[in-house]
Every structure is written in C-alpha cells, then in structure tokens.
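Novice: have a look at this prediction, sequence included:
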Amino acid sequence: MVTVSEYWRPASLEEARELLARPGAVALAGGSRLGGSRAVPPVELVDLQALGLAEIEDRAGAELRIGAMATLQQVVDCDAAPEVVREAARREEPSTLRAQATVGGCVATGDAESELLATLLVHEAVVHLGDGSAPDEIPLEELLAGLPLAPGRLVTAVTLRVGGRTAAVRTARTPADRPIVAAVVRADDGVRRLALTGVAPTPVLVQPGDPVDPVGDFRGSAEYRRALAEVLVARALEAIA
Amino acid sequence: MRDIELTLNGVRTQVSCAPGDSLLTVLRRLGCVSVRYGSETGETGAAAVLVDGRLLAADVLLAAQVDGHEVTTVEALDVATGELHPIQAAFVESGALQSGYSAGAMVLATKALVERTPDPTEWQIRDAFSGILDRETGYVKVVDAVKRAAALLRGEKPEPMAPVLVEPLGDGPGGPPPDAPSAMPRLVPSPDVPPTTVVGQSPPKVDAVKLVKGRPAFVDDVVPRGMLYAKVLRSPHAHARIVAIDDSEATALPGVHAVLHTFNTPRVKYASGGQSWPNPHPWDQVSFDDKVRHVGDRVAAVAAESLDLAEEACRRIRVTYEVLPAVFDELEAIAPGAPVIHDETDTEGIHDAQRNISHHIGGQTVPDERLDAAFAAAEHVFEQTFRVQQQQQCPIEPHITIGWLDSDERLVLRTSTQVPFHVRRMVAPLLGLPVKRIRVVKPRIGGGFGGKQEMLLEDVVGHLVLATRRPVRLELTREEEFVSSRIRHAQTLTFRTAVDGEGRLLAQDLRVVGNTGPYATHGFTVQSVTGQRGLSEYNSPAKRYTADVAYTNRPVAGAFRGYGAPQALFALESHMDDIARGLGLDPIELRRRNWVRTGDPLDILPQLGERGATEIAPEDMPRVTSCATDECVAQARRAIGWERRTDPAWRQPPDRPHVRRGIGFALCMQATAIPNLDMGGCSLKMNDDGSFNLLVGATDLGTGADTVLAQIAAEVLGVQVDDVLVYAADTDLTPFDVGAYADSTTYISGMAVKKAAEQVRERIALRAARLLGLEDAGEVVLRAGHAWSRDGRSVSLGEVALNALHVEDQEQIMATASHVSAESPPPFAAQFAEVEVDTEAGQVTVGRLVMAVDCGVAINPTTASGQVEGAMVQALGYALTEELVLDEAGRAVNARFGPYWIFRPDDTPPMEVYLVQTMEASGPFGAKSVGEIAIDGVAPAVRNAILDATGVAVNELPLTPERVWRALHPQPAG
C-alpha cells in the first residue's frame, strides 16, 4: 500500500477537481495498483467512485463512450465493445484486479505493456478530461505522450470508434502472461492504425517498417523486442489482409 | 482515523480505520481470519472477498473504498456446526484443498461465478479463478470442485471422486487411453498389492472442514494479547561490512521496544538449514552479523507497537557500511580474484574460504584410471554443459512466526515451519536457552516446498521476545520472501558420457558448481543429492561425481522440493535426448537400454551419503527394490500420443506455418527418506468411545500427511478415518519427527504410525478376546469398529475401551513407536510434455503434460495425484518463467508475482496423472514417496519437446521466448 494521509470521496466533478489541485493529491480509480512500494511522501487519495463515471454508452453502433470508472470487467462483459478491446481488457489483469481496475486508471497510468491501451489506440480513442479546460478532449496517443497528467486533471471517459477489421497478436512467456511485445491492427474505410506494446514507455501507434527503440529488460532485450515487433507487425497485417 | 460503515456478512458494521488501511487489515482486525495475506499486490487472491458480489483483492483495496458497500467473506457460510455449504462440500470431495490457505477465496470465487453462470465451462472457471494463485494443487482439482459445486447447486448429483482403474499395458499397445475427468487419477493396479479398506481410498482430508470454512488455523489466525510487531532492516548492498550502527533515533520513538543488531547481540555461529543433529558445517551465520552478504540480508530487527511504527524505526536506524565488491555467478565466484565472501576468522569447516568454496564433494564408483580408460575406449563420448537458475518456493503463506513467554516463562514459538523439532534444538543456543525452555508449535501451514525447512525467523522472534518480554510477530512481505528467505540452488552442470555402439552407457562423469548464495545452509546436502540423482537412473559401470559449492552474493539457496534432483535431471534427461539424437536412436529406446530395474545396484549412493562416503560390504549395496518404470513409460506414452511425433501434418500445422509441434520425454527418479537418519515418532491413545488420538511429530504443510497417517492407523485398527483424531507437531506434546522433507513422511512417519497402531491392536485384541471368551487373542480381527471372533461374534471398540479404562485390569491402551529405515526405495516416473513452438518469435506453449508415477501403493490416490499435479505446475514455472533476476548491484528486479510469474489457472495446460502401483515391501502398506518426484521431469521434457519440434537444443533454464529465439536464430558472431 502507498502511504495515505487522507482519503476523499468527492460527490461532484467540481469537488473532485478542487481536491485534485491540492498538493500531493492523487486520483484513485479502482486502486488495483496501490500495492507494492510505499510512497514517501504520503499521498492524499481522491476516490472517484461516487462521480457516476462508470457508464458504457453505445452511440448508434459507431462510437462507444466508456466512463473512466468503468471496470475492465465491464468492458469484457460489454457486447457493444469491439472484440479485440474486450479480449484485451480480459487479458489486462487477473479476475480480481480486473473487477477493480478501471479504464480511466489504465489510461492515466499508461502502462507500456498494456494491450488494452494498444487496442484503444487503433480504435481512435479520444480521452475526455474533466478539467473544464479547452480542449477537454484529446486523442489517446497525445495523452499518453504527455503523461503524467498535470495536477487537477482528471480522465472522465474514453470514446472509441467501433467497426473495422482488427487483429491482435503477441509473444509472451505463457498464455496469460503480459506480452513482451504485442501488435494490434485495425483497418476501417481505408484508415489503417497499428499499435505496439513493449517497445516504448507507453503503447504507441506506428507505421509498418517504422524503427522502434525499445528498452530491454529481463523478459526481452532491446534487440529481441525489435525482432518481435517486426514479426508481429507482419503477422497482424497479414491477419487482416 | 475515520469511521466507515459497511455491511459485513449481512451485518451493518462500523469500524474506525486509518485512511491507508487496507481492507485486508481491517477485515482481519474484525475477526475475518479467512481473508489472508499472500502479497500486497493483489495477485495471490488469498485475500479475495466479495464486494457487492464481485470478487476483489482485499490486499489492494483500501478499507475506505468499501465504505457504504457490502462485503462478504467465507465466514458468512459458516452457519452451523458440522454443516458445509454445497460449494464447501464440493471442495472437500474433490481434494481441491491442500494447505487450504486460500480456501475462503476459492469458495467465494465459486459462489460469485455460479450465481452468474450456473453451468460454467472449464474456461469460464479458469478465467474466474485467474485472480487466485495456487502453488499447491496445479488447479486440476480446483476446477473439478467448481464443476462439482455448480452441479450440486443445480440439484444434480456429480460422479463421486474416485480413481479410474486402468489395465496394465505390459508390452502391448493396448486400446485407446481412458476417457475420464482429468482430476481423477488413473490407477494401474498391481496384483502384488493385498486388498485394504481405508488405505487406497480417498476419504476427506482430516483438516478439510476447518480449512474450507476459513476457521482460525494458521499462525497469524490466533494472536496473543499485547503483541508487538517485528520488522527486519535489510541490507541495500550485496556485500558490505557494517562499520557502525546508530539506533538512537529508532529507540527514541515512542512505542518502539527493542532494536537489535550486531553491536548489542551475542555472536553465536550456526547453520540455518533444518537438518538432523549435528548440523553440517560450516556454521557460517550469526543472528546479526557485522557483515552483509546479499541484498536483503539481515541488518537489524525492531519490535514495536505497530507494523508502521516498526517500519518507521527501521528507516531511522543509521547504518554505516563499507561497501565491498560482490560476485553473483557461481563460476566467477570460485575463479581467482573474486571477492572473498567469508573472510571472518570464526567460521569453521569452510572447504576453501579464499576461493569461496564452502564444500567440495566427490564420489565415484571406480578409480579415476578406470573411468578415464572407459572414456578413452568408448565408441562415442558426449559432453554438454547446462545452466539452471534460482527458483523461489513461493508458498502463498509467507514465513511467519509469533512468539511469547508462557505463564511458566517458557518461550513458545508458533511458527510456519516444516521442521519444528529441529527449530527448537537449533534456536536454543542462539537465544542462550536450554531446549527445555522452548516449545515450538506448528499449526496449519500454507505451503512450504522446502523453504520452511529452515530456522529462518524463529531466532529473531526469540531474541525480541526475550528483550521485550512481550509477544512478538514477524511475517515476511512477499518481496522479503523472494530475496530474504530461501531459493533453489542455481547450478552449472557438465555431463560427460561414454556410450557404446548399441547405446549402452559405459561411463558417466558429472561435474557441478552449485550456487549456495552467501550461506551454505543446505549447500552440501543439495549438491550431494544432485550427484545421487544424476548418477542413479541408469546402469553404468563407471560413475564419477565432483561438485564445488560456491558462495556468492545472490539470495541464500536452501531446500526446495526435489532438493538437487530437478537440476540433475534437467541436465541428465536433456543429455540423454541429445545422445539418442547423436546415435540415431529413439529417445525412449536409448533410455530403456540403460534404465535401472528391480535388483539393480544404486552404486553412487554410498559414495554420496548425507554424512559423507561410506565403505559398504557388497551385500549391503543399495538396490532398486520395486520399480514400474516400464509400465509408467508405456502408460504415459500412450496417453500423450507419442506416435504423433512421426505425423508431418501434426508436427507442422498447415494453417500456421511458423508453428512446429513436438513431444518430449523425461525419466524421473527420486528417493524416499534419508536412510538410517530420518526418524519419525508416533503415539496413539484409545479413548472411551473407541476413538483414537494420533500424536505425530510429522509436519503436514498442506500435503495431506495428517490424513494419510490417519488412514494408516485406521486401516490397522479397523476403524474409519474420522475415528482417528490427529494432532501434529508440537514439541511439548508429540513425539519427535525430523519433519517434512526428503520425501519421508508417508514412508517413515507412516511406518511409525503403523507400528504404534499394531501395538494398540494387540492390546485391544487381548482384551476383546477376554470379553468374547476366546482362548487365543490371535483369532481377533478388528473391522468396522468392532473386534470380531472367527465365529462372527463381536464387541465394539467402545466397549473394549470402557472395559479397559473403567472395569477390570484398568489400563490406558496406548503405544508409542518410532521408525527409521535402512532403505530409501526410489519412486520412478515417466514425464511427457507436448509443445508448440513459434519459430519466428521463440514462444513455447505447452499443450499437455502427462505423468505416470510409481510411488508404490498410493495410500490416498486423490492427495497423491494432487501432489503430482501441483509439482508439475511448479516444475512448469521452473521450465518456462521462474527465475529471480538480479541487476548489476545484486538487487532483484522481479521480486513480485507479476513479473516473476507463477502459473495461473488460465495459463496451465491440461494434465493427466497415472499412479502405477508397485508393492514396496519396506513401506507402510507398500507405499513409497510421491511429494517431490513430479517436480523433476517437466523442464527436461519441455526442453526435449522443443528439440523434437525444432531440432534446437536449449541448455539453460528457464526456456524463455528470447532464449529459444536466440537458439533458433543464431546471430552472426561479433
């Protein structure tokens, strides 16, 4: 557990924004990543559970608006969500943490290995920020490139475009392990988007043949990750060809 | 502090908590002890509870988050004494609980799943359970329990759990393999095994009810009043001298009661491995040393009013270190110029401290000249080097000890240990207490796997209890469990083998460098067992074993299921496959020409004994006394579909051109107890109603030992298992037992139970004969709770007991017995693995595991097959993922479950277990051991399957995607 000096549960977005502007304030979504190291100095947690942000809204079958506090399990269970997104949400965490972790939390933490973020990227996800500033909607890829969120900023929802042909491929140590590298592709009306995990500090959109510059770790060196990116991109493209 | 209100198990509950308190902490404070600590990151699921009907991990939820919500723990189902909810009944019936540490979470997960999905598929079950790691069962019987529970709740009556009987195959091909749920073991009976009533059955585990109800049973579930919390300050350096410690700021904190370190505690040398007296030298440890030798080594210990305070005190201890160069690799450690890890002057018995060699081990069956001549003359000589890694035991319950002074001012240590009697003897001198002033109690244990064959926390807790005169609790965090407890020895193994033109072995030469970390606790014995196991499976006229045990600055290696055998058999069974390829022989056929059978000598064993080489007379040569290797191989080979290896369409699926498939085999052999050393004691006492108290020192870690021992007693006494009340492992109350290791419990402790029961049976028969008016007590037979005469009259055991205790010639019918064996009859097994290899990316996916085990007679086929399943999954982690990785400074980079990765329910391939009976004359009712052998074969079988699929040999574990990719795509030199 992180060291927590205060716990707030605001009832409105305005209140949440005010609290998040306090020094040391951190938004608490599901809380599945609270574990592990003890943060020093302590943090004030602003729990977003009472803000009514957990709805998933199907917009005429063309767009899906996922509230920031929708859990990954809600996405898994959502028939209107694209299949690769549902499967990526399932793969993101084991059952317990999946019922706790939220889409907003996933977006705001920008995990390099997140297949869910990669699938959101190819579905042209736009992130809604509840800070009242303009613009309060930015493409996911821009948000990920600018992480961490500035103080007072808050993800309220993510909207994605549905439809198109998609494929997701990955290499991992075991069937349920987080991928070392994963490639997700979507083609729709001549638009083709391709995203990779495991080759940059967050999942990224790439063009086939783009050079990638991963940092290696014990699961895969930089050289291996580059090789995987090439193999998996080719395989994903072939799958939707 | 803030007040929150939740509905807990249907009751509105107000509780005051700090903003950072986890739900786990608060629920345990409220008495819901079924919610248990496994880590602080949510992956283990030991702390999973239902929040508004959803299964969530209470260790990563703040209590404040559930303010206003509904929380359910398994205590909610405990509504009546002696009654189980259908879900709980299903878990008991399936044998799905081993230690039962996470039983509450599993029952709740089932409840949540079947309420949503009344008839879940296997995949839905596995997905729903993906948040509950089980290090014990291999998930096979857990899945079965959920299916069974769902059926019960639908009003159906599921098939009873029973072994599937399979005809022996002999040399014939047989028909298709049996089609039955994988949770049911396939039992191949032997005509040599006499019929039994309770032995060979699978009654519910004797501890099942308390486990499945989540009742207080584990160390942390019972907390003494006024308890302090301990925390150990750990070294941030891999190798450093402690120059000075300033503890003034820590001791000044209100609520801190003791701060202990090298400058205020006595320097008593010891070795922490839980082994028989006298513990092997070198005794290279001190409770608080003036040097640290790995990241995570002990520096100081604090006892304080709360865990937060103890942690704060640790942060305020100022330590001045002189940082020294460190070495992590076993080969570098013994090379010239390496930093000397034990430069102190008071450690005796290090083989060569200047070269960091704690032990040099040698053993050979012929002189060097004969071995050299065999190699020189051989038609073929094969030589290969293998490297294996540090794998952590990962019991879901970490090490934990709670100690206090009882009203007689004796020190009581209630501790999660495999070796309570060794702990009492070993901790005494460190604390300056005589053994008689210490009592060690082992309650239920949440898994051990060897990591708890160690005196690891008890000295720290003892020191703190004596310093504060207050009860003290010390529990390791998950990260500490990874880096500061014990771990499997990494090794570099080189096999050299001489073979003739027909594939018969002429000579075997195995050289090993073992990595014991900075302390040699099990260094000598583990590396000895590597030699025993590496050079016993096959007949060979000349064998030589040489090993150096290297000190390094890695985390400390110790005992781990298999105990040197998994390393040896990865090397040996990989090497044998490569020899078969070299000779153009079928890999099974090459082995068949060489494997040992009944009567064959195990001639390396006397050379590599626990207490060094011994001269033995030829007639005393240990030999294989029972062996069903041929039948095991035949059964498992048929079950895996070995002949598919020759089908091109199977090997290379046409729709996935980058995939290759293969099947690998490994032969396995373990030991059963340490001969002439391991001893178990038992005492058995008859009660007024004809029931019995069985008191044993044997240590059930979740293995089912208590149940197996009760079955043995019940079989002899002609009663049911529930007439035998087992109490185990309390140094004040139960007879001595070496503890749970070396595969000894069923074989050694079981024989002690059998002997004691036979003595009690004799007393009962005498008295029953009198009551029945019989001349000859030898005529009396005990069956179905009665003593019977030949003419069919009987008297109940209750009547016998009342007569003995109250009526005439009053006596307490009881007996004490102990057992030690001169033999160590090996179990044998055939392990097969089927894999798919992604040849472009290096990913290996194991499709299926089959193991056929000859463990003699399985006393309890359900628990025996559960041991095999659990060990196979642990072994799968050894094969594919598990390795504690250090950075250049010696800090672990993956000391948590996510990145380290142990297999999950939604990850684990289908498995089948065959139990092939043999009648082992020296074991109780024919039993040999089963607890360890199944961890030996998966890694080499997977490695050999990759070789079969791709033609590429990978000789280093784990077989990660990158390693396999590099083998498949060799980079140009430079």
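Specialist: All right, it came through fine.
Novice: wait, isn't residue B:128 in contact with residue B:111?
Specialist: No: contact criterion C-beta atoms under 8 Å: residue B:128 and residue B:111 do not qualify, at 10.5 Å. Quick note: C-beta positions are derived from backbone N, CA and C, even for glycine.
Novice: who has more neighbours out of those two?
Specialist: Shown here are residue B:128 and residue B:111; by other C-beta atoms under 10 Å in any protein chain shown, residue B:128 has more neighbours (24 against 21).
Novice: now the strands for chain A?
Specialist: Using DSSP state E, the strands of chain A run over A:4-8, A:25-28, A:43-47, A:56-59, A:63-67, A:126-129, A:137-139, A:155-161, A:165-171, A:181-188, A:191-197, A:204-206.
Novice: and residue B:908, which of these is closest to it?
Specialist: Closest to residue B:908 of those, according to C-beta to C-beta: strand A:165-171, at 18.5 Å.
Novice: that closest one pairs with which strands?
Specialist: strand A:181-188 (antiparallel) (DSSP bridges).
Novice: and the closest residue to residue B:470 other than its chain neighbours, what pLDDT?
Specialist: Counting by C-beta to C-beta, 6 or more residues apart in numbering or on different chains, the nearest residue to residue B:470 once its immediate chain neighbours are dropped is residue B:228, at 4.9 Å. At residue B:228, the model reports a pLDDT of 98.
Novice: from residue B:263, how far off is residue B:228?
Specialist: Distance of residue B:228 to residue B:263, computed by C-beta to C-beta, to the nearest Å: 21 Å.
Novice: which positions in the stretch 201-350 of chain B make contact with chain A?
Specialist: residue B:311 (C-beta under 8 Å from any C-beta of the partner chain).
Novice: in the stretch 201-350 of chain B, what residue comes closest to chain A?
Specialist: For the stretch 201-350 of chain B, the residue closest to chain A is residue B:311, as judged by C-beta to the nearest C-beta, at 7.8 Å.
Novice: so where's chain A shaky on pLDDT?
Specialist: Residue ranges of chain A with pLDDT under 70: A:1, A:35-40, A:131-135.
Novice: show me where it has helices.
Specialist: Listed in chain order, the helices of chain A (DSSP state H) span A:13-20, A:72-76, A:83-92, A:95-98, A:103-109, A:115-122, A:140-145, A:222-240.
Novice: ok, the stretch 851-974 of chain B next?
Specialist: With DSSP state H, counting those that start in this stretch, the ranges of helices along the stretch 851-974 of chain B come out as B:861-880, B:897-900, B:938-950, B:961-968.
Novice: other SSEs contacting the third one?
Specialist: Yep, that's helix B:938-950 we're talking about. Helices and strands touching helix B:938-950, by 3 or more C-beta pairs under 8 Å, 6 or more residues apart in numbering or on different chains; DSSP states H and E, are helix B:565-583, strand B:659-669, strand B:828-838, strand B:844-854, helix B:861-880.
Novice: neighbours around residue 75, how many?
Specialist: In the absence of a named chain, chain A is used. 27.
Novice: not quite, I wanted chain B
Specialist: 20.
Novice: isn't there a strand covering it?
Specialist: No: Residue B:75 is assigned helix when assessed by DSSP: H, G, I helix; E, B strand; the rest coil, not a strand.
Novice: pretty sure it contacts residue B:32?
Specialist: Yes: Residue B:75 is within contact range of residue B:32, at 5.4 Å (criterion: C-beta under 8 Å).
Novice: for these two, list the residues in contact with both.
Specialist: B:9, B:214 (C-beta atoms under 8 Å, 6 or more residues apart in numbering or on different chains).
Novice: thinking again about what came up before, the helices of chain A: which one's closest to residue B:423?
Specialist: For residue B:423, the closest of the helices of chain A is helix A:95-98, at 34.5 Å, according to C-beta to C-beta.
Novice: other residues contacting the closest one?
Specialist: Helix A:95-98 has contacts (C-beta under 8 Å, 6+ apart) with A:30, A:32, A:71-73, A:76, A:89-90, A:92, B:42-43, B:45, B:48, B:55-57, B:60, B:109, B:127-132.
Novice: now list the buried members of these.
Specialist: For these, a burial check counting by 16 or more other C-beta atoms under 10 Å in any protein chain shown picks out A:30, A:32, A:71-73, A:76, A:89-90, A:92, B:42-43, B:45, B:48, B:55-57, B:60, B:109, B:127-132.
Novice: for chain A, give me its nearest residue in the stretch 451-600 of chain B.
Specialist: Closest point on the stretch 451-600 of chain B to chain A, by C-beta to the nearest C-beta, is residue B:479, at 8.5 Å.
Novice: show the average pLDDT along the host helix or strand of that residue.
Specialist: Using DSSP states H and E, residue B:479 maps to helix B:478-484. Confidence over helix B:478-484 (mean pLDDT, whole number) is 98.
Novice: then the lengthiest strand in chain B to CSV, C-alphas only?
Specialist: In chain B, taking DSSP E as the definition, the longest strand is strand B:505-517. Only the C-alpha atoms of strand B:505-517 are listed here, as CSV (Å, rounded to 0.1, in the frame of the first residue of the first chain):
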residue,chain,number,x,y,z
LEU,B,505,26.3,-46.4,-21.1
LEU,B,506,30.0,-47.2,-20.3
ALA,B,507,30.8,-44.2,-18.1
GLN,B,508,29.2,-41.1,-16.7
ASP,B,509,31.1,-38.2,-15.3
LEU,B,510,29.1,-35.3,-13.8
ARG,B,511,30.7,-32.1,-12.6
VAL,B,512,28.7,-29.4,-10.8
VAL,B,513,29.3,-26.0,-9.5
GLY,B,514,26.4,-25.1,-7.1
ASN,B,515,25.4,-21.6,-6.1
THR,B,516,24.6,-21.5,-2.4
GLY,B,517,24.4,-17.8,-2.1
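Novice: ok, then the element right after that strand?
Specialist: helix B:523-534.
Novice: could you give the angle of that next one to helix B:565-583?
Specialist: 30 degrees (axes from the mean of the first three to the mean of the last three C-alpha atoms, to 10 degrees).
Novice: can I get the helices and strands packed on helix B:938-950 in CSV including mean neighbour count and mean pLDDT?
Specialist: Formatted as CSV, the helices and strands packed on helix B:938-950 follow (neighbours: other C-beta atoms under 10 Å in any protein chain shown; pLDDT from 0 to 100):
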stretch, mean neighbour count, mean pLDDT
helix B:565-583, 25, 98
strand B:659-669, 26, 98
strand B:828-838, 28, 98
strand B:844-854, 26, 98
helix B:861-880, 28, 98
